[in-house]
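In: Provided below for reference: sequence and predicted model.
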Amino acid sequence: EVQLVESGGGLVQAGGSLRLSCAASGFTFDDYVIGWFRQAPGKEREGVSCISIRDNNTYSTDSVKGRFTASSDNAKNTVYLQMNSLKPEDTAVYYCAAGRLLSWEVYDYDYWGQGTQVTVSS
């Protein structure tokens with residue numbers, strides 16, 4: 001059974017940091033791209049960072065570039081999202097997802113976690 005389990009969300013003040021974790025099981029980790037997405041109330045789900053597990057290349061969207069960084073621990077089948085200099089507009093439910101393509105499109109990802117809430121207070 002494929003599982004992606006996020007953890008590490010919470011409440012933080014603006015300017016603070018959080019590290020999200022995504023523990024993966026049930027598929028060949030090295031063959032996939034792990035994407036981090038977020039969805040704020042009333043908004044569409046959007047990609048923020050992704051990492052190609054096999055070659056460890058990481059990518060971030062302009063809205064988080066320089067603040068968010070994806071990384072992986074292949075021995076633990078776990079991907080992390082380090083979030084620094086958090087802003088109130090980063091408040092959202094954050095999801096990790098596994099897919100075969102480096103993409104910001106939701107439909108390119110096959111498996112999804114349940115999400116973890118991140119709230120940034122001003």
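Out: In hand now; what should we look at?

In: which ones are touching the nearest residue to S122 once chain neighbours are set aside?
Out: Of all residues not flanking S122 in the chain, P88 sits nearest, at 4.8 Å (C-beta to C-beta, 6 or more residues apart in numbering). All C-beta spots, glycine's among them, are computed from the backbone N, C-alpha and C. Residues in contact with P88 (C-beta atoms under 8 Å, 6 or more residues apart in numbering) are A14, V120, S121, S122.

In: can we see that at 10 Å?
Out: Q13, A14, T119, V120, S121, S122 (C-beta atoms under 10 Å, 6 or more residues apart in numbering).

In: what's the local residue count around the residue nearest to C50 when sequence neighbours are not counted?
Out: Of all residues not flanking C50 in the chain, G35 sits nearest, at 4.0 Å (C-beta to C-beta, 6+ apart). Applying other C-beta atoms under 10 Å, we find 28 residues neighbouring G35.

In: go on, V12?
Out: V12 has 17 nearby residues by other C-beta under 10 Å.

In: quick one: strands adjacent to the helix or strand it falls within?
Out: Using DSSP states H and E, the element containing V12 is strand 10-13. Here strand 10-13 has these sheet partners by DSSP bridges: strand 116-121 (parallel).

In: hmm, who's touching the strand it pairs with?
Out: So strand 116-121 is in contact with 5-16, 18, 20-22, 38, 40, 81, 83, 86-96, going by C-beta under 10 Å, 6+ apart.

In: which among those count as buried?
Out: 6, 8-9, 12, 18, 20-22, 38, 81, 83, 86, 90-96 (16 or more other C-beta atoms under 10 Å).

In: among these, which lie within strands?
Out: Counted as lying in strands by DSSP state E, out of the buried ones among the contacts of strand 116-121, are 6, 12, 18, 20-22, 38, 81, 83, 92-96.

In: assign a three-state SS to the residue nearest the centre of the chain, would you?
Out: Centroid check for the chain by C-alpha atoms, centre = their mean gives W36 as the closest residue, at 2.4 Å. For W36, the assignment made with DSSP: H, G, I helix; E, B strand; the rest coil gives strand.
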